[in-house]
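J.: Following is a predicted model, sequence given first.
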Amino acid sequence: MIELEHLDWAEKTLGKEFWQTPGATRAAGGIAPGAAGALEFTPAEPGWYRIALVCEGPSTVTLKISSADGTIGAGSTDCGTAVNAMMNLPVRQLKATVDGADAEGKWAVAVAPAQAR
C-alpha cells in the first residue's frame, strides 16, 4: 500500500512539474529487507521515456525495467539525489523494480514520455 507521506515526499523530491506530467506513470513506497518496491505500467506508445528515480535510506538501490520477455534495462544509483535516465520502451506490460539491497527506506519512480515537459 502506498502511503500518502511517500507520495508527498516523491512529489517534493522529483519536482511537482515532473511528478504531475500528463502521461506520467508514477509510484512511491517503502523498501525493507526482502521486500522490493515495484511499479507496473504499459507505455501508451513505443519510444523514448524519461525515468526518474529517487531513494532515501539505503546507500544504493537497483532499478530494473523488465517485461515477460526478460530485462530491458537495469542500473544502480546512490540514494539521496534524484537521477534521470532515458530509455526506449516498447508498448507492452512492463515492471520497474526497486531493490534496496536489504536496507530500509523509501523510493519513488516516475516514467514519462521524453517529449513531455
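T.: The structure has been received and is ready for your questions. Please read these numbers as outputs of a predicted model, since none were measured by experiment.

J.: Show me what the helix or strand of the chain with the lowest mean pLDDT packs onto, helices and strands only.
T.: Within the chain, no helix or strand scores below helix 16-19, which has a mean of 85 by mean pLDDT, DSSP states H and E. Contacts defined by 3 or more Cβ pairs under 8 Å, 6 or more residues apart in numbering; DSSP states H and E place helix 16-19 against strand 105-113. All C-beta spots, glycine's among them, are computed from the backbone N, C-alpha and C.

J.: ok, the strand it packs on: who's next to it in the sheet?
T.: strand 25-31 (antiparallel), strand 47-56 (antiparallel) (DSSP bridges).

J.: Show residues contacting the helix or strand following the last one.
T.: Next helix or strand after strand 47-56 toward the C-terminus (DSSP states H and E): strand 60-67. Residues outside strand 60-67 that contact it (Cβ atoms under 8 Å, 6 or more residues apart in numbering): 31, 51, 53, 55, 71-79, 87, 89-90, 92-101, 107, 109.
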